[in-house]
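Colleague: predicted model and sequence below, questions to follow.
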Amino acid sequence: MPKIQFLGPDPHEVDVAPGTSVLEAARACGAQVGSACGGNLACSTCHVWVRQGLDSLSEIDEREDDIMDKAFDVRPESRLGCQARCSDADLVVEITRESRKAFLDEHPDQAAAATR
Ligand code: FES
């Protein structure tokens, strides 16, 4: 079972079944990955940088590439969490600032806790 480690101010780690998306993994462990469109490939708020395991993820397609154009600070290791599905390799994923901000906008209770 692959392990996904989320880096950021509030790090998390979770074991998931192969085929799980990065966003689904984040939801399973409480990692702060935004998803303003609900994982429907329409917003880019789930933008993450994959620090380890990038090549093991599902292929990026044209639609993901198009939506990625809306994101800030896109890098070679960028993926949209709702589209990138893991295989059997472990991943290390850094949550982008824009994604964490989107998450905290969606979860004001956690945003308040983060400022305490
Ligand atoms: S959650 Fe909106 S594009 Fe991934």
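Modeller: Thanks, I have it. As the structure is a computational prediction, the values presented were derived from the model and not from experiment.
Colleague: and for Thr96, nearest residue in space, chain neighbours not counted?
Modeller: His47 (5.0 Å; C-beta to C-beta, 6 or more residues apart in numbering). Heads up, the C-betas are built off the backbone N, CA and C, glycines and all.
Colleague: dig out what that neighbour forms beta bridges with.
Modeller: Taking DSSP bridges as the rule, His47 bridges to Leu80.
Colleague: run through who's touching the worst-scoring helix or strand of the chain on mean pLDDT.
Modeller: For the chain, scoring each helix and strand by mean pLDDT, DSSP states H and E identifies helix 108-114 as the least confident one, at a mean of 81. Helix 108-114 is touched from outside by Pro9, Asp10, Gln32, Phe103, Leu104, Asp105, with contacts defined as C-beta atoms under 8 Å, 6 or more residues apart in numbering.
Colleague: so which of these also contact the ligand?
Modeller: Among these, not one lies near the ligand by C-beta under 6 Å from any ligand atom.
Colleague: which of these fall in helices?
Modeller: Residues of the contacts of helix 108-114 located in helices (DSSP state H): Phe103, Leu104, Asp105.
Colleague: out of the residues you listed, which one sits closest to the ligand?
Modeller: Taking C-beta to the nearest ligand atom as the measure, Phe103 is the one of those closest to the ligand, at 10.4 Å.
Colleague: pLDDT score assigned to that closest one?
Modeller: The per-residue pLDDT reported for Phe103 equals 97.
Colleague: related to what we said a few turns ago, buried ones from the contacts of helix 108-114, can you make that a ChimeraX selection?
Modeller: In ChimeraX syntax, the buried subset of the contacts of helix 108-114 is picked out as below (16 or more other C-beta atoms under 10 Å):
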select :10,32,103,104
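Colleague: check which helix or strand Val92 maps to.
Modeller: Assigned by DSSP states H and E, Val92 belongs to strand 91-95.
Colleague: and the residue lying closest to Gly53 once chain neighbours are set aside, what does it touch?
Modeller: Of all residues not flanking Gly53 in the chain, Leu91 sits nearest, at 3.9 Å (C-beta to C-beta, 6+ apart). Residues in contact with Leu91 (C-beta under 8 Å, 6+ apart) are Pro2, Lys3, Ile4, Gln5, Val22, Val50, Gln52, Gly53, Ser56, Leu57.
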